[in-house]
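Asks: sequence first, predicted model second:
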Amino acid sequence: HNQSFPRASAPVTGGNFIDLVDKGFYSKMEIQRSDGFVVQTGDPAGEADGYVGTPSKSVGAGKHGERLIPLETFLKEDKGPFYETTMEDEGRGGQATVLPFSAYGAMGWARDEYEPNSGSSQFFWLLFDSDLTPAGKNVLDGRYPVFGYVVEGADFLRDTKEGDIIVSAKVTEGIENLVQPK
């Protein structure tokens with residue numbers, strides 16, 4: 001069981017995740033990566049690197065029609081998130097994010113390492129290592145948005161392997177708060 005905090009740290013990222021779960025996108029999806037550092041999924045079969053949907057003014061279109069969302073970072077001392085750039089690029093490296101990569105099962109949004117606005121539907125669960133990921137001092141905070149955490153079933157996540165299938169994913173509460181992009 002995962003808990004997403006879209007309003008708390010990454011409203012666009014969390015909203016995108018909730019929308020894709022509600023559409024059934026992740027149901028029957030294969031786990032593509034499980035390497036002891038992260039468990040990752042969300043890359044559909046075919047040429048596209050993410051969810052193919054209708055682009056809009058606020059949601060970009062990737063080279064194969066992927067719905068792209070901007071990198072979203074929310075630092076503790078800010079009133080809201082900033083977009084399309086890393087905290088290092090903003091000259092704010094080492095500052096603490098509202099939801100940091102500091103706990104086992106932190107849910108992060110995957111993207112191309114050198115293109116901040118390339119996230120689509122791929123996400124990962126961090127398999128926490130306190131030496132690698134102290135809050136505000138790791139290589140993930142401010143480079144990838146955290147939008148939730150595992151709140152039940154952590155042992156299940158630890159045993160997840162590449163090729164395992166997500167039988168189903170569903171939104172259990174809060175779908176009425178989802179705001180579709182215009």
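Replies: Happy to help now that I have it.

Asks: from here on, contacts and neighbour counts on C-alpha atoms
Replies: OK.

Asks: what's the longest helix in the chain?
Replies: Determined from DSSP state H, the single longest helix within the chain is helix 11-22.

Asks: which strands or helices does that one pack on?
Replies: Packed against helix 11-22 by the contact rule (3 or more C-alpha pairs under 8 Å, 6 or more residues apart in numbering; DSSP states H and E) you find strand 146-150.

Asks: what angle do the strand it packs on and helix 11-22 make?
Replies: 50 degrees (axes from the mean of the first three to the mean of the last three C-alpha atoms, to 10 degrees).

Asks: okay, the longest helix of the chain in PDB with CA atoms only?
Replies: As requested, the backbone C-alpha atoms of helix 11-22 are provided in PDB (Å, rounded to 0.1, in the frame of the first residue of the first chain):
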ATOM      1  CA  PRO A  11       1.000  18.400  -7.200                       C
ATOM      2  CA  VAL A  12       1.600  17.900 -10.900                       C
ATOM      3  CA  THR A  13       3.600  14.700 -10.400                       C
ATOM      4  CA  GLY A  14       1.300  13.300  -7.800                       C
ATOM      5  CA  GLY A  15      -1.700  14.200  -9.900                       C
ATOM      6  CA  ASN A  16      -0.200  12.600 -13.000                       C
ATOM      7  CA  PHE A  17       0.400   9.400 -11.000                       C
ATOM      8  CA  ILE A  18      -3.200   9.300  -9.600                       C
ATOM      9  CA  ASP A  19      -4.600  10.000 -13.100                       C
ATOM     10  CA  LEU A  20      -2.600   7.000 -14.500                       C
ATOM     11  CA  VAL A  21      -3.600   4.700 -11.700                       C
ATOM     12  CA  ASP A  22      -7.300   5.700 -12.100                       C
END
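
Asks: state the mean pLDDT of it.
Replies: The average of the pLDDT scores along helix 11-22 is 90.

Asks: C-terminal to it, what's the next element?
Replies: strand 29-34 (DSSP states H and E).

Asks: what residues does that following strand touch?
Replies: Applying C-alpha atoms under 8 Å, 6 or more residues apart in numbering, the set of residues contacting strand 29-34 from outside is 39-44, 160-167.

Asks: hey, which helix or strand in the protein has the poorest pLDDT?
Replies: In the chain, no helix or strand scores lower on mean pLDDT, DSSP states H and E than strand 2-4, which sits at a mean of 52.

Asks: the contacts of strand 29-34: which two are farthest apart?
Replies: Using C-alpha to C-alpha, the pair of those lying farthest apart is Pro44 and Thr160, separated by 18.3 Å.
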